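K.L.:
Take a look and give me a structure for this.
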Amino acid sequence: SSEESKPGFPNFVDMSSPSGQKPALKTPGSGQTRFQVTEVTELGPATSGERIAAGTDGTVGTTGSKVPAGGEESKGRFSVVKFVEGTEASDVAQNGDTVRSTGSHRSSASGHTNISDTHSNTYYLRTFGHNTIDAVPNIDFYRQTEGPLGEKLIRPSLSELHDELDKEPLDEDGFPIGEESTIAEEAAAKEGTKDQAKGGTVKFGWVKGVLVRCMLNIWGVMLFIRMSWIVGQAGIGLTCVIILMATVVTTITGLSTSAIATNGFVRGGGAYYLISRSLGPEFGGSIGLIFAFANAVAVAMYVVGFAETVVEMLNDVDALMTDELNDVRIVGTLTVILLLGISVAGMEWEAKAQIVLLVILLAAIFNYFIGTVIPMESKEPKGFFGYKAAIMMENMSPDFRDGETFFSMFAIFFPAATGILAGANISGDLTDPQSAIPKGTLLAILITGISYVAVTVSTGSCILRDATGDPNDTSSVGDLNCTDAACTLGYDFSICKEGGCKFGLMNDFQVMSLVSAFGPLITAGIFSATLSSALASLVSAPKVFQALCKDNIYPGLHVFAKGYGKNNEPLRGYVLTFCIGLAFILIAELNVIAPIISNFFLASYALINFSVFHASLANSPGWRPSFRYYNKWVSLAGAVLCCAVMFVVNWWAALMTNIIVLALYVYVSYKKPDVNWGSSTQALIYNQALTHSLLLTGVEDHIKNFRPQCLVMTGYPNARPALLHLVNAFTKDVGLMVCGHASRRPNFKEMSLDHARYQRWLMKNRIKAFYTPVFAEDLRHGAQYLLQATGLGRLKPNTLVMGFKNNWSDGEMKDVEMYINIIHDAFDLQHGVVLIRLQEGLDVSHIQDPGELLSSHEKKDAGMKDAVVSINMGGKDSEDGPPSQITSAQNSPLILRGTICIDVLEELEGVGTAHHRLSAKPLSLTDQRLLEASQQFKKKQGKGTVDVWWLFDDGGLALLIPYLLTNKKKWKDCKIRLFVGGKINRIDHDRRAMAALLSKFRIDFSAIYVLGDINTKPKKHNVLSFEEMIEPYKLKEDDMEQEAAEKLKAEEPWRISDNELELYKAKTNRQIRLNELLKEHSNSAKLIVMSMPLARKGAVSSALYMSWLETLSKDLPPILLVRGNQQSVLTFYS
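P.N.:
Numbers count the residues shown, from 1 in each chain. Below is the predicted model of the structure:
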C-alpha cells in the first residue's frame, strides 16, 4: 500500500502545503536552525487522512489542531516525522540512490543553503537509511564564489554538524544572533542572481571558439607575401627546418597551455588568467598588461598591413586620395572603426565575421594550389613552370642574399607562427574551455604547420628564384652548358645574376598571385588574413585587460573591469583598444614597434611554459591536469627556447621586453595585491620551507649561528606596538619572532578569525613575525603551552620577551605570582628572558583604530559605518594593564556600538601629537603620552647612546641584542656605551680587559665605564621608599602564631617573610643602588639594556622579586632587563 515503507526506512512527513507553495525549511519565529534536524523513530503506518507537519514544540499539527507527538520526543528538541498517506516511500528512497528532486538545494539570497523541496528533510535518508544533515558529495559544493557554471551551495559547516544544539538564540533568518553570512557567500549569491538575470549568454564550442580563431590568427599576410621570398633565400630544406623549429616552440606552448587549461575551471582572461593563477599576481600582472597592450598594437599592425595593400591597388589605378602615407592613415582609420563596430555588436557577430573571413582565406589557399597544377606558357617568362624536379633540386639549398642569414629568416617567419592563444584569450566565452582549448589550439598548430610546409614545397618546386619576365630570353634545350633549371627548361635568365630582375621567388612578393588560378582571390585572402587577425586581436585585448582589471592588481585601472550586456562585454576596454590601435595607425611607422610586439607574445609563451614546469616542480596536490601529454622538462625547454627566440628575433627588443616585465613584476611585488589564487609559487615556497626545516633539524646548533628567536607575549599584536617594534628591530631578517597570545575565552571560531586577521595586520605593517594564539585557563598556562609547543624543528623560540607589569601594585597579587612564575618557567625550559619597560606603559588597545585589521574587501563590505570596539574587563592576561582589543561583534564581552570618529594624525607615523576621538571624546593627557610612547621605536632614532649595563655574564645575550639593534638603519646613529662592575683599585685593569674582550667579539663601542662604587650603600630615602612599597606584602610572621603564619604563607605564597627580607638585604640594597647609578649615568640614553637580577625559585617570594625589578627600572628611559640562559651566544673563534 501507499502507507508501507521499505524495511529500515522510517515514515516521513509530507511537507507540502495546500497552496502548492514549497514550505521554507524554517518557519519565521521558530527556534530551529536552518537545517531541519529530526530524530527518526520507527512508527506504524500513518492512519488514513492523517496529515502531519513537524513542529518545533514537539507537537504534530493536523489541519490546525495540535496533537501530542507521542513518546519522549515531545519533551526533546527533535520532532517526529512520518510519511503521509498517499506518499510512496519509493518517492524518497529509490534503492538507496541519491536521486535529487527538483529544487532540493537552493542557495538563499544570503548565500546560505536552504533545503526546501517536498522531501528535503528526507533527502539524505535515500542514501543512508537515517536522517542526517550531513551532505553527500555534490559538485555544487566545490564551485568558487563567482562560478558561472552553476549555483554554489554551502555544505553544512562543522559547527552545524558538531556543536551542541539550541545553545545560541536564533535571529529571524534562522542564523545564530550576530552571525552574518560571509563576504564570499554574499558574493556567491550576487553572482548567482546576476547570472540568472542575464541568461542566454553566447558560448562557443571548440571549432568556432578556438580552432577557427587560432587558424585565422596564425595564417597571416606572411603566408601570401613573404613565404615565397623566405623559400628563395633559405631554400626548401632550411625553410622546412625554420617552420619545424617555430612549430616545436608553439606546440610545446600549446601543450603547456592545455595542461594549465585542464587543471581546473578556466575563466576569461586567456594568457593572463593562465599565468596569474599558476605563477601568482606578480608574473600574471606584468604579463597581463603587456599582453593586452601587445594585442592592442597588433590591431594597428594588421590594419596598416591591410591599408597598405589597398593603397597599392589604388596607386596602380591612379586613384590616390592624397599621398600614400595619408591614404594608409585614412583607410586604416575607417577599417578599425568598422572592426570596432563588429566587436561592440557582440561576440556572436564577431564570430560570424570570422567564419566569413575563414571561408575567403581557405578559398585563397585552395586557389593557389589549383593554380600550381595549371601551367600556362604566359607565366613561364616570370619563373612559373609548374612542378619540375629540376626547379625543386635547385631550390632545395639556400641562396642567402643582401646579408640575410638563417636566423634573420627565422626572425621574419616566426611572427607568422604566433597567434596560438587567440582561442584561449576568449576563454570566458567558451562552453567548455577545458576541452576546447587543448583540442582547438593543437589542431590549429598542426593544420597551419602542414599548410606552411605545403606552400614551401609547392613554391620551391614550381617557381624559379629569378626570372626576367621577358618571353624572348630563351635558350636551346640542347645547350650542353646548362647549369641551372631555367636553362634545362629552355630559358636563359643568367642576366639576373647582375640584379635588376623583377620576377621569381627572390624578387616578386606577389608571386603567389601570379601562380594562382584567379589572382584577385589571393588579394582577397590577404585582406581576409589581415582583417581576421586584427579582429581577433581587437577582441583579445579588451577581454584580457578586463580580467586583469577585475583582479584589481593595478588599482587605477579598475574602471575598465565593468562589463555590459548578457555577455559581460568590456565596452570600455574596446574603446581603449580602439584608441591605442588608432594612435599607432596614425603613426603608420610600425617597423620599430613590430619586433617589440613579437617579443611581448614570446614572453607570454615563455611564462606559460615556465608555469607548467614550476607547478610540476612544486608537486602540489592541487596540480592534476586532465590533459596528460605534457612533461615538465619539455615545458622548461620550451620556456628556454622562447627566450632564445626572443633574442634571435631582435636582441634590443628582447632586452626591452625583459626590462618592462621586470619593472612591472617589482611594482606588483611591492604593492602586494590582496589576492590568493593558490599559485605554484606558494606551493614551491612551502616545499622549500619544509625541506630546509628538516635539513636544519639534522644539524646541531653552533654558537656562531645563534640568533635570538623570541616568543613575545604581546596579546593581540596591535595592543602593544612599542614591544612589537623594538623586538622586530633586532629580530628582523636575523631571527624568529612569534607574537604569543593566551586567551581565556574558549571560542575556537573567534581564534581562527583572529589568527588570520592579526597575521594580515603584521604583514601589512611589515613586521616579520608570526601570531600564535592559544586558549588556556590563565596566562601562566598559556605561556607554558607557547614555550613548549611553539615552533618547528630548529625554528623554536629560545628567548621569552614580555612587557613589564607596570600596574602590579594596583591589581591582585595572584596575577603578580603568575607573572613571576612565567619567568621561572622560561628559565626552567632553558630560555632567556627579556622584560621591556616604558614608564608610560605598553598597552594601547583601548585607543586603536577599529578598521586597521580589516582587509580591503572587508572594509568595502563593512563600509566602516558600524565599527565595533570591544573592551575586555578582565586584566589577568595583561602584563601592563587590562587589555582591550578589537574583535568581531558577536564575541565581544562588552560592545560599544555607534559612530566612531577617528582622527589619528601623522604621529601614528611618528610625528606630532595624536588626537584620537572615540565617540567625539578627545584623548586624555595620559593616553596621548601613551600613544606617542607606543610609536617611539617605529621612527628613526636620532644621535644618542644605547647604554649596556653588563653586570653579570649570562652568555652574552645582554651584549648581542644591543649590537643587533645598532646595526639596523633606524638605530645606526646610536653608539653603545658599556657599564660593568669593578673595584675602585682595579678600574683601569678591568676597563682594558673588557675592551680586549669586545675587540675579540668584534663589537664596536664608544666608551667603557667601570662602576667602582656599585656596592656603596644606597641613599636612606630610597631605602625607606622601598620599605614603604613592600609593606603591604609582608608576611609579618613575628606578629602571629607560627601555625597561622605557615597557613597564610601557604594561601598567599607571594608574601615576604622577615627572614627572607633579612637574608636578601644586600641584594635589595644593590637594586636600589643600581637605580641611583642608572639615573646618574643613563638618564639621557635612548635605550638601557640591563642584566636582569635572578631570584632563586622557591626561596625568593614573588612580591620581593617584583619589588626588585620595580625598584631597579623605575623612573628611567626605555629599559630592557635581559638574562640569557647562561649558554654562550658570542664567540671569538672563527
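
K.L.:
Going by C-alpha atoms from here, please, whenever you check contacts or count neighbours.
P.N.:
Fine.

K.L.:
Kindly provide the distance from the residue positioned nearest the centre of the chain to residue 276.
P.N.:
In the chain, the centroid-proximal residue (CA atoms, centre = their mean) is residue 676; its distance is 2.8 Å. Residue 676 sits 10 Å away from residue 276, taking CA to CA, to the nearest Å as the criterion.

K.L.:
same deal with residue 843?
P.N.:
In this structure, residue 843 and residue 276 are separated by 42 Å, where distance is defined by CA to CA.

K.L.:
now swap in residue 455 and tell me
P.N.:
Counting by CA to CA, the separation of residue 455 from residue 276 is 38 Å.

K.L.:
neighbour count winner among these two?
P.N.:
Taking residue 455 and residue 276 together and counting by other CA atoms under 10 Å, residue 276 has the greater number of neighbours (26 against 20).

K.L.:
Quick check: nearest residue in space to that one, chain neighbours excluded?
P.N.:
Once its chain neighbours are removed from consideration, residue 276 has its nearest residue in residue 284; the separation is 3.7 Å (CA to CA, 6 or more residues apart in numbering).

K.L.:
isn't that neighbour right next to residue 269, touching?
P.N.:
No: using CA atoms under 8 Å, residue 284 and residue 269 do not qualify as a contacting pair, with a distance of 10.4 Å.

K.L.:
Check what pLDDT the residue lying closest to residue 597 once chain neighbours are set aside gets.
P.N.:
Closest residue to residue 597 apart from its sequence neighbours, by CA to CA, 6+ apart: residue 294 at 5.2 Å. In this model, residue 294 is scored at 83, pLDDT.

K.L.:
Where does pLDDT dip in the stretch 901-1050 of the chain?
P.N.:
By pLDDT under 70, the weakly predicted segments of the stretch 901-1050 of the chain are 901-921.

K.L.:
can we see that at 80?
P.N.:
Per-residue confidence for the stretch 901-1050 of the chain (pLDDT under 80) gives these ranges: 901-923, 983, 985, 1036-1042.

K.L.:
quick one, helices of it?
P.N.:
Listed in chain order, the helices of the stretch 901-1050 of the chain (DSSP state H, counting those that start in this stretch) span 925-934, 957-966, 987-1001, 1020-1030, 1042-1051.

K.L.:
Any chance of a markdown table for those, columns mean neighbour count and distance to residue 545?
P.N.:
As requested, the helices of the stretch 901-1050 of the chain are arranged in a markdown table below (neighbours: other CA atoms under 10 Å; distance: least, CA to CA, whole Å):
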| stretch | mean neighbour count | distance to residue 545 |
| --- | --- | --- |
| helix 925-934 | 19 | 44 |
| helix 957-966 | 22 | 46 |
| helix 987-1001 | 15 | 58 |
| helix 1020-1030 | 13 | 70 |
| helix 1042-1051 | 13 | 72 |
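
K.L.:
Just tell me which of those helices ends up closest to residue 824.
P.N.:
Of all the helices of the stretch 901-1050 of the chain, helix 957-966 sits nearest to residue 824, with 17.8 Å by CA to CA.

K.L.:
The closest one vs helix 987-1001, what angle?
P.N.:
Interaxial angle of helix 957-966 relative to helix 987-1001 (axes from the mean of the first three to the mean of the last three CA atoms, to 10 degrees): 60 degrees.

K.L.:
Could you number the chain from 35 rather than 1 from now on?
P.N.:
In the new numbering, first residue 35, that becomes helix 991-1000.

K.L.:
For helix 991-1000, name the packing helices and strands.
P.N.:
Packing partners of helix 991-1000 (3 or more CA pairs under 8 Å, 6 or more residues apart in numbering; DSSP states H and E): helix 755-765, strand 978-983, strand 1008-1015, strand 1121-1125, strand 1153-1157.

K.L.:
and residue 956, how far is that from residue 881?
P.N.:
Remark: distance between residue 956 and residue 881 (CA to CA) = 11 Å.

K.L.:
Repeat that for residue 367.
P.N.:
Here residue 367 is placed at a distance of 61 Å from residue 881 (CA to CA).

K.L.:
Check residue 479 too.
P.N.:
Following CA to CA, the distance that separates residue 479 from residue 881 is 64 Å.

K.L.:
How about residue 798?
P.N.:
Look at residue 798 and residue 881: by CA to CA, they are 19 Å apart.

K.L.:
try residue 702
P.N.:
Taking CA to CA as the criterion, residue 702 is separated from residue 881 by 33 Å.

K.L.:
residues contacting the spatially closest residue to residue 760 that is not a sequence neighbour?
P.N.:
Closest residue in space to residue 760, ignoring its immediate chain neighbours: residue 971 at 5.8 Å, by CA to CA, 6+ apart. Remark: with contacts taken as CA atoms under 8 Å, 6 or more residues apart in numbering, residue 971 is in contact with 756, 759, 760.
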